[in-house]
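In: Would you be able to build a 3D model of this:
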Amino acid sequence: MNHQVIFIIALMIVFTAACGTAVAIDRVDETGELGEAPYRIQIPENWNNGLVMYAHGYLTEGRQWRPLADALSAVFLSRGFAFAESGYSRQGWAVAEAIEETEQLREHFTKNYGRPDTTFVTGHSMGGIITLATIETYPENYDGALPFCGPLAPSLVFIKDTVFDMLVTFEALFGQYLPDDARPVIEAPELSGQIVAAAFAADSSMTRLFARQWDIRLSDLVATISFYHLFYREIAARAGGNPIDNCNSLYTGLGDERSLNNDVPRYRLESGAFDYLHRFYTPTGNISDPVLAVHTTYDAGVPPALQDNYDTTVRIAGNGDKFVMMRVEADGHCRFTPGQTGDAFDMLRKWLSSGVKPDAGVLR
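Out: Now for the predicted structure:
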């Protein structure tokens, strides 16, 4: 293991706690690598022996990971909690890597600083589904979870009903305005914003209908289509083929439904790719600790309605008393203030300590 430990205040006092060996540190900021995964651990001066594990969101492959902004990690540090985050050994839809590497980092923390009294897991966007996967996979290691703005549904459902279906209906309605090398859309090597914008500009009335159908503002359409294309291509490459089948799908709400369904390109799934996306990840609803999810009321990238899927999943599993959804009345993906983040964390902690589930509603 190649890691560097930076002590902001170097004095360390070693003592033995009832649960094992622990280290009291005036303040720590440790960075390094576990295997090929970079990480950062922060421990505040007033450490309360609690830990928050953080799972970051989607980064396109090739982009360099950077730790969470200090203004957000400070939300947890100021409350006395240590804060640990893995950068994962690979970017993209790195759910498989993130589940295991977040657990490896938690074990590293425990080995070096002692077992915390309380451990939470949280994350944004893709990190939201990683947060669920973590507390479902390692329930004995966590006391609660706080997923923010995540696609809290089976990944196959999120990718099919949102990403894939938007791309194939875009092609059916606007394909005639696309250059030859951008069709079929699903198979095109790239789909630039300029190409998408030109296609939408060619039929403004259909563009408005398309935006209403997908509940996306006109100003967000181009960026959403371009990102979804990049996102889907990366997932298909990672999974080893096309994980989605739409041969049995009927599309409505976009004009002449007979023409639409005749024009939508049809694809059959590749079983290995389907299995990969099913594994990473399909929530089970098997939770034994409180999970408080937070989402904005408008999000072009991760529709808020996806949260209803997990609510149903936990109820079917008999754990409806362990899940609650809060909303922030804001526009955009993961548009939460540090204050709202802290309020949500405090609500989760109070739920854990009191055993009283909070009411769902607006987080102000």
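
In: from memory residue 206 sits against residue 172, does it?
Out: No. Counting by C-beta atoms under 8 Å, residue 206 sits too far from residue 172 to count as a contact (10.6 Å). Every residue, glycine included, has its C-beta placed from N, CA and C.

In: What's the local residue count around the closest residue to residue 170 other than its chain neighbours?
Out: In this structure, residue 170 finds its nearest non-sequential neighbour in residue 225, 5.9 Å apart by C-beta to C-beta, 6 or more residues apart in numbering. The burial count assigned to residue 225 is 26, neighbours taken as other C-beta atoms under 10 Å.

In: just use 628 as the starting number from now, easier for me
Out: OK, 628 is where the count begins now, so the last one is residue 852.

In: got the buried residues for whichever strand or helix holds residue 852?
Out: Secondary-structure element containing residue 852, defined by DSSP states H and E: helix 845-866. Applying a neighbour-count criterion of 16 or more other C-beta atoms under 10 Å, one finds 847-849, 851-856, 858-863, 865-866 buried in helix 845-866.

In: Rounded mean pLDDT for stretch 727-739, please.
Out: Averaging pLDDT along stretch 727-739 yields 98.

In: What mean pLDDT does the helix holding residue 852 get?
Out: 98.

In: after that helix comes which helix or strand?
Out: Downstream of helix 845-866, the first helix or strand assigned by DSSP H and E is helix 884-890.

In: Run through the neighbouring helices and strands of that next one.
Out: For helix 884-890, the contact count by 3 or more C-beta pairs under 8 Å, 6 or more residues apart in numbering; DSSP states H and E identifies helix 792-801 as packing neighbours.

In: Beyond the helix it packs on, next helix or strand please.
Out: Using DSSP H and E, the next helix or strand after helix 792-801 towards the C-terminus is helix 820-828.

In: ok, residue 689 - contacts?
Out: Taking C-beta atoms under 8 Å, 6 or more residues apart in numbering, we find residue 689 in contact with residue 718.

In: sorry, back to before: okay, and the common contacts of residue 833 and residue 799?
Out: Taking C-beta under 8 Å, 6+ apart as the contact definition, residue 833 and residue 799 share the neighbouring residues residue 881.

In: between these two, who's got more neighbours?
Out: A count of neighbours by other C-beta under 10 Å puts residue 799 above the other of residue 833 and residue 799, at 20 against 15.

In: And that one, how far from residue 785?
Out: As for residue 799, its distance to residue 785 is 21 Å (criterion: C-beta to C-beta, to the nearest Å).

In: Can you give me the pLDDT of the most centrally placed residue in the chain?
Out: A centroid search over the chain (C-alpha atoms, centre = their mean) returns residue 753, at 1.8 Å, as the residue closest to the centre. Among the per-residue scores, residue 753 shows a pLDDT of 98.

In: Run a quick neighbour tally on the closest residue to it other than its chain neighbours.
Out: Of all residues beyond its chain neighbours, the one nearest residue 753 is residue 685 (4.2 Å), with distances taken as C-beta to C-beta, 6+ apart. By the other C-beta under 10 Å criterion, the neighbourhood of residue 685 contains 20 residues.

In: Assign residue 685 to helix, strand or coil.
Out: With DSSP: H, G, I helix; E, B strand; the rest coil as the basis, residue 685 sits in coil.

In: Can you report phi and psi for it?
Out: phi -70, psi 130 (degrees, to the nearest 10).

In: Residue 669 now?
Out: The phi/psi pair for residue 669 (degrees, to the nearest 10) is phi -120, psi 140.

In: For it, give me its contacts.
Out: Shown in contact with residue 669 (C-beta under 8 Å, 6+ apart): 655, 656, 657, 700, 704, 709, 710, 711.

In: so the first one touches residue 670, yeah?
Out: When you say that, I think you mean residue 655. Yes. Shown here, residue 655 and residue 670 form a contact pair, counting by C-beta under 8 Å, at 4.1 Å.

In: Find the residues that touch each one of the two.
Out: Between them, residue 655 and residue 670 share these contacting residues under C-beta under 8 Å, 6+ apart: residue 740.

In: More neighbours: which of these two?
Out: Counting neighbours by other C-beta under 10 Å for residue 655 and for residue 670 shows that residue 670 has the greater number, 25 against 22.

In: quick one: contacts for the closest residue to residue 676 other than its chain neighbours?
Out: Spatially, and ignoring its direct neighbours in sequence, residue 676 is nearest to residue 744 (4.5 Å; C-beta to C-beta, 6+ apart). Applying C-beta under 8 Å, 6+ apart, one finds that residue 744 lies in contact with 675, 676, 677.

In: The last one and residue 707 touch, don't they?
Out: Yes. Counting by C-beta under 8 Å, residue 677 touches residue 707, with 6.5 Å between them.
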